[in-house]
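*Asks:* The following comprises the amino acid sequence and a computationally predicted model.
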Amino acid sequence: MKAAPVEIAPVIPLARAADYLQLCRPRVAVMVLLTVLIGGLLAADGPTPVVLFHALVGTALVTAAASILNQYVERHTDALMPRTANRPLPAGRLAPGEVLALGSLAAVLGLGYLAGASPPAAIVCAVTFALYVFAYTPAKRTTTLNTLIGAVPGALPPVIGWAAVRGRFDGGALALFLIVFVWQVPHFLAIAWMYRDDYAKGGHAMLTVRDRRGDRTAEQMLVYGLTLLPVSLTPALGGLAGAGYAAGALALGAYFLRPILRFRRERSPGAARAVLRASLVYLPGVLLLLLASKYLATG
């Protein structure tokens, strides 16, 4: 007598799992979660591992939801751009309905989780999600101000961590927000210049698409790069950091300005890439300086 066949639960194929992971944009998610963590550590007066753990879990879900829904909305324009045409939705590997359902579920679970753990953090996270999905995403096709619109939700993750630990918003949260907000403009303009032909094919209203000579792009990079110098000092002025931080922040600001000034002269993809590389050194550098200033000062 033959044994009855054993039923095995279906397993998600590796390729499909990779597509789901790609929807979540893991590199972006890691940067978001690191800024949430740093915001929480800067706000803490003592050990807060449980609070920060909850903030990171909830934010991870909402960040994934925002990326998923952004790709759902932009699936048609993504199909027009070589850089994004192979994403799961425009390539046809995932169906729009399942992606919409997955993104909506992640948003509900993440915001619900955060609401139970830290209502102030949940409020900031909900605002971040709404601005990214319902303001920034459609603005990319209608106005060159989309970079500034997107910089608002992009600068809120450290505030999520701060709010989770402190339970309120104060000068420290504002200082973190301002640094990340101003930093994003030259950072994203560099990316937009490197891929401006792609953005043009996708019908995006990027400044770099309409500013073919690069005059306004270079001007905006320089204005915001210079603005970072005083803005980066706000933690020191507010008592969140000391003189060592201030000196280091100014040095990093000067380091960031150098490729921006080069782009102002050259306006080439290589010069834009140099700005991008410097931006990826600047922000972690400033945030690590803040952490060092806080924790070395307190022993």
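*Replies:* On my side now, so go ahead. Numbering: from 1, shown residues only.

*Asks:* The helix ranked longest in the chain - contacts with which helices or strands?
*Replies:* Longest among the helix segments of the chain by residue count, using DSSP state H, is helix 269-297. Under the contact criterion of 3 or more C-beta pairs under 8 Å, 6 or more residues apart in numbering; DSSP states H and E, helix 269-297 touches helix 26-43, helix 171-194, helix 243-266. For every residue, glycine as well, the C-beta is placed using N, CA and C.

*Asks:* With respect to Leu280, which of the ones you listed lies nearest?
*Replies:* Judged by C-beta to C-beta, the one of the helices and strands packed on helix 269-297 that comes nearest to Leu280 is helix 171-194, at 7.9 Å.

*Asks:* Give the other helices and strands that the closest one contacts.
*Replies:* Using 3+ C-beta pairs under 8 Å, 6+ apart, helix 171-194 is in contact with helix 26-43, helix 146-155, helix 157-166, helix 207-210, helix 215-231, helix 234-237, helix 243-266, helix 269-297.

*Asks:* These into CSV, with extra columns for mean pLDDT, distance to Asn70 and mean neighbour count?
*Replies:* CSV is the format used below for those (pLDDT from 0 to 100; distance: least, C-beta to C-beta, whole Å; neighbours: other C-beta atoms under 10 Å):
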stretch, mean pLDDT, distance to Asn70, mean neighbour count
helix 26-43, 95, 10, 20
helix 146-155, 96, 10, 21
helix 157-166, 96, 16, 28
helix 207-210, 94, 19, 20
helix 215-231, 97, 23, 18
helix 234-237, 93, 30, 19
helix 243-266, 97, 27, 17
helix 269-297, 94, 20, 18
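
*Asks:* how about those in a markdown table, adding distance to Tyr132?
*Replies:* Output for those, formatted as a markdown table (distance: least, C-beta to C-beta, whole Å):
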| stretch | distance to Tyr132 |
| --- | --- |
| helix 26-43 | 10 |
| helix 146-155 | 4 |
| helix 157-166 | 11 |
| helix 207-210 | 19 |
| helix 215-231 | 20 |
| helix 234-237 | 24 |
| helix 243-266 | 25 |
| helix 269-297 | 18 |
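
*Asks:* and Ala55, what does it touch?
*Replies:* Listed by C-beta atoms under 8 Å, 6 or more residues apart in numbering, the contact set of Ala55 reads Val36, Gly40, Leu114, Ala117, Ser118, Ala121, Ile160, Gly161, Ala164, Val165.

*Asks:* Oh, that last question was meant for Val51, not what I typed.
*Replies:* Contacts of Val51 (C-beta under 8 Å, 6+ apart): Gly40, Ala117, Ser118, Ala164, Val165.

*Asks:* hmm, try it at 7 Å
*Replies:* Contact partners of Val51, counting by C-beta atoms under 7 Å, 6 or more residues apart in numbering, are Ser118, Ala164, Val165.

*Asks:* Could you say which helix or strand holds it?
*Replies:* helix 49-73 (DSSP states H and E).
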